[in-house]
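generate coordinates for the sequence data below:
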Amino acid sequence: MYQAVSVIELKSIAKGVEATDDALKSAGVRLVSAHPACPGKFEIILTGAIADVTAAVDHVKERFEQNLVDCSIMGRIDEQVIVSLLGTAAPENHGSLGVIETYSAASAIKAADIAVKTSKVWIYELRVSRGMGGKGIVLLTGDIGDVKAAVEAGEAYAKEQGLFANSSVIAAPHPELWDQI
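As a prediction, the model looks like this:
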């Protein structure tokens with residue numbers, strides 16, 4: 001089942017906490033994360049039906065307009081992306097490793113969605129913002145050809161948005177690398 005995802009970024013941590021509460025009370029959405037993000041901003045990630053996510057974002061935009069930095073609503077996100085964001089599945093090594101690094105959480109989420117819809121790959125991990133200066137990173141695994149195609153597709157999206165940082169594809173990662181990532 002496809003879900004929508006929203007990333008809301010505010011320039012105040014205090015107002016970010018308040019906006020998170022308001023968003024959750026305004027519509028039937030599920031909180032993926034709400035936390036301070038570098039440099040001194042607050043990031044809210046919500047998921048749910050597109051109408052509910054849109055209602056929550058509209059509510060936050062109306063009440064916290066003066067604190068809003070950016071927001072994005074992405075509809076029809078692949079379930080694998082949602083599961084990765086929620087951290088409800090253990091990562092599995094399926095062979096090769098691909099990495100897409102972006103300059104924002106929203107672009108990493110969208111790049112991950114495009115990647116898994118492009119070829120037969122699995123999200124090994126999806127990290128957004130925390131401890132990375134606001135960046136996002138997608139780690140993909142699968143057969144080398146599929147991983148290359150998925151990374152290229154996610155990379156192309158991030159480049160179009162002007163938010164691409166870097167990428168890499170490793171055909172056969174060392175076992176100790178898998179243990180550390």
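
which residues touch V81?
For V81, the contacting residues are 5, 109, 112-113, 116, 123, 126, by C-beta atoms under 8 Å, 6 or more residues apart in numbering. Every C-beta, even on glycine, is put in place using the N, C-alpha and C of the backbone.

likewise for L85?
5, 32-33, 45, 47, 109, 126, 128.

go again using 6 Å as the cut-off
32, 126 (C-beta atoms under 6 Å, 6 or more residues apart in numbering).

need the pLDDT of it.
With respect to pLDDT, L85 scores 84.

tell me how far it lies from E65.
26 Å (C-beta to C-beta, to the nearest Å).

most neighbours out of the contacts of V81, which is it?
When neighbours are counted by other C-beta atoms under 10 Å, A112 leads the contacts of V81 with 31 neighbours.

rewinding a little: how about the contacts of V81 in a markdown table, adding distance to A55?
Below are these laid out as a markdown table (distance: C-beta to C-beta, whole Å):
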| residue | distance to A55 |
| --- | --- |
| V5 | 14 |
| I109 | 20 |
| A112 | 24 |
| D113 | 22 |
| V116 | 27 |
| I123 | 28 |
| L126 | 25 |
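
so which of those are in helices?
Among the contacts of V81, DSSP state H puts 109, 112-113, 116 in helices.

could I get those residues as CSV with pLDDT?
Formatted as CSV, these follow (pLDDT from 0 to 100):
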residue, pLDDT
I109, 91
A112, 96
D113, 95
V116, 96
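
let me know the closest of these to A56.
Of all those, I109 has the smallest distance to A56: 16.3 Å, by C-beta to C-beta.

tell me how far that closest one lies from F64.
Taken as C-beta to C-beta, the span from I109 to F64 is 21 Å.

same check, this time on D179
According to C-beta to C-beta, D179 stands 42 Å off from F64.

the two: which has the busier surroundings?
Just comparing D179 and F64: by other C-beta under 10 Å the higher neighbour count belongs to F64, 20 against 8.

hmm, E18 and that one touching each other?
No - using C-beta atoms under 6 Å, F64 is not in contact with E18; the gap is 7.7 Å.

pLDDT below threshold where in the chain?
Scanning the chain for pLDDT under 70 picks out the ranges 1-2.

state which helix of the protein is the longest.
The chain, longest helix under DSSP H: helix 144-160.

give me the buried positions along that helix.
By neighbour count on 16 or more other C-beta atoms under 10 Å, the buried set for helix 144-160 is 146-155, 157-158.

now do stretch 18-35
Using 16+ other C-beta under 10 Å as the test for burial, stretch 18-35 gives 18-20, 22-24, 26-27, 29, 31-35.

perfect, I'm done here.
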